[in-house]
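Engineer: predicted coordinates and the sequence they were generated for:
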Amino acid sequence: MANHKNQKWVFYDTVEAEKADAGVMRKVLAYCDELMCVENRFDTGAEGSVHSHPHTQITYVAEGRFRFTIGGEEKEVSKGDTLCKQNGIAHGCVCLEKGVLIDFFTPMRKDFAH
């Protein structure tokens, strides 16, 4: 995977997808030290296991339907909805209908960078 850190232009077709979890493909898009944009494509039934990290994360639901848990609270979300997950708060999801999530992390996720 190419390193897109600090690039002004990151063209979608040039970014290789990688397997994030069973039924989940990830593309790390534009990023710098302070901010990172990531696309996650989920198959129906795929899960993002409950986890936490030292990054604040905003998620935009671009397509599909998901059941999210954030800090023990569970809600169903769909296209156009956004979620804010503060650093250190446990969160996860189950994909109810094939979809796409766009995540923004601050600061960037070093574990996602190559």
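Structural biologist: All right, it came through fine.
Engineer: what's near enough to touch the nearest residue to residue 90 once chain neighbours are set aside?
Structural biologist: Spatial nearest neighbour of residue 90, chain neighbours left out: residue 52 (4.7 Å); criterion: C-beta to C-beta, 6 or more residues apart in numbering. Quick note: C-beta positions are derived from backbone N, CA and C, even for glycine. Residues in contact with residue 52 (C-beta atoms under 8 Å, 6 or more residues apart in numbering) are 87, 88, 89, 90, 91.
Engineer: among the residues you listed, which lie within strands?
Structural biologist: Judged by DSSP state E, the contacts of residue 52 include residue 91 as members of strands.
Engineer: for the contacts of residue 52, which single residue is the most surrounded?
Structural biologist: Neighbour counts for the contacts of residue 52, by other C-beta atoms under 10 Å, peak at residue 91, which reaches 21 neighbours.
Engineer: any weak-confidence spans in the chain?
Structural biologist: Low-confidence segments of the chain (pLDDT under 70): 1-2, 114.
Engineer: now the strands for it?
Structural biologist: So, for the chain - with DSSP E - the strands run 18-21, 24-31, 36-42, 47-51, 56-70, 73-78, 82-85, 91-106.
Engineer: how about the most centrally placed residue in the chain: what's its closest non-neighbour residue?
Structural biologist: Nearest residue to the geometric centre of the chain (C-alpha atoms, centre = their mean): residue 103, 3.8 Å. Nearest residue to residue 103, sequence neighbours excluded (C-beta to C-beta, 6+ apart): residue 38, at 4.5 Å.
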